[in-house]
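1. no sequence on this one, just coordinates:
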């Protein structure tokens with residue numbers, strides 16, 4: 001299937017690079033606000049040109065507005081498209097890990113045993129999600145951030161570069177954890 005990228009700016013260019021690296025066919029960018037090279041048109045225009053039977057959509061909208069990003073995810077799904085799940089071939093995804101639809105696992109990221117991402121999660125290069133942890137939908141885990149074991153990160157969150165979330169805690173939804181921070185948060189219920 002050909003891949004469309006929703007968005008055409010910084011994060012979309014990173015997604016395009018991943019598609020190129022994986023030799024995945026690229027059909028063009030979707031952009032509701034801009035015109036330009038390789039931009040096919042707005043989402044409404046693209047629906048008429050690129051049907052869901054022959055195209056999949058990669059979410060190329062970054063973390064500056066996570067609520068808007070999630071609305072786009074829902075809009076694409078409602079139109080009948082599948083969201084591309086992209087896993088770099090140099091990422092480590094354990095057999096018993098689960099990756100949600102529309103998620104992106106970049107080079108040298110780790111998703112350990114019994115860990116999972118929900119929909120539209122991004123694990124940047126070097127991010128580590130240890131065993132039995134869950135990353136809530138539409139969350140970004142930045143480069144070299146570490147999520148220890150038995151952690152739940154709430155949806156629509158951002159974990160900064162080099163941050164560490166200690167084991168057995170819950171990160172509330174819509175959290176912002178700064179770069180290099182140590183998050184000891186609320187202890188989660190015993191498992």
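-> Arrived safely. Here the structure is a predicted model, which means the values were calculated and not measured.
2. Only C-alpha atoms from now on, for both contacts and neighbour counts.
-> OK.
3. ok, the residue lying closest to residue 82 once chain neighbours are set aside - contacts?
-> In space, and not counting its chain neighbours, residue 82 is closest to residue 56: 5.3 Å by Cα to Cα, 6 or more residues apart in numbering. Contacts for residue 56 were tallied using Cα atoms under 8 Å, 6 or more residues apart in numbering; they are 1, 2, 3, 4, 81, 82, 83, 84.
4. Quick one, which of those are buried?
-> 3, 4, 81, 82, 83, 84 (16 or more other Cα atoms under 10 Å).
5. and whichever helix or strand the first one is part of, what does it pack onto?
-> This means residue 3. Assigned by DSSP states H and E, residue 3 falls within strand 2-6. In terms of contacts (3 or more Cα pairs under 8 Å, 6 or more residues apart in numbering; DSSP states H and E), strand 2-6 is packed against helix 10-21, strand 26-30, strand 55-59.
6. make it 10 Å
-> helix 10-21, strand 26-30, strand 39-41, strand 55-59, helix 66-78 (3 or more Cα pairs under 10 Å, 6 or more residues apart in numbering; DSSP states H and E).
7. by how many degrees do the longest one and strand 2-6 diverge?
-> When you say that, I think you mean helix 66-78. 150 degrees (axes from the mean of the first three to the mean of the last three Cα atoms, to 10 degrees).
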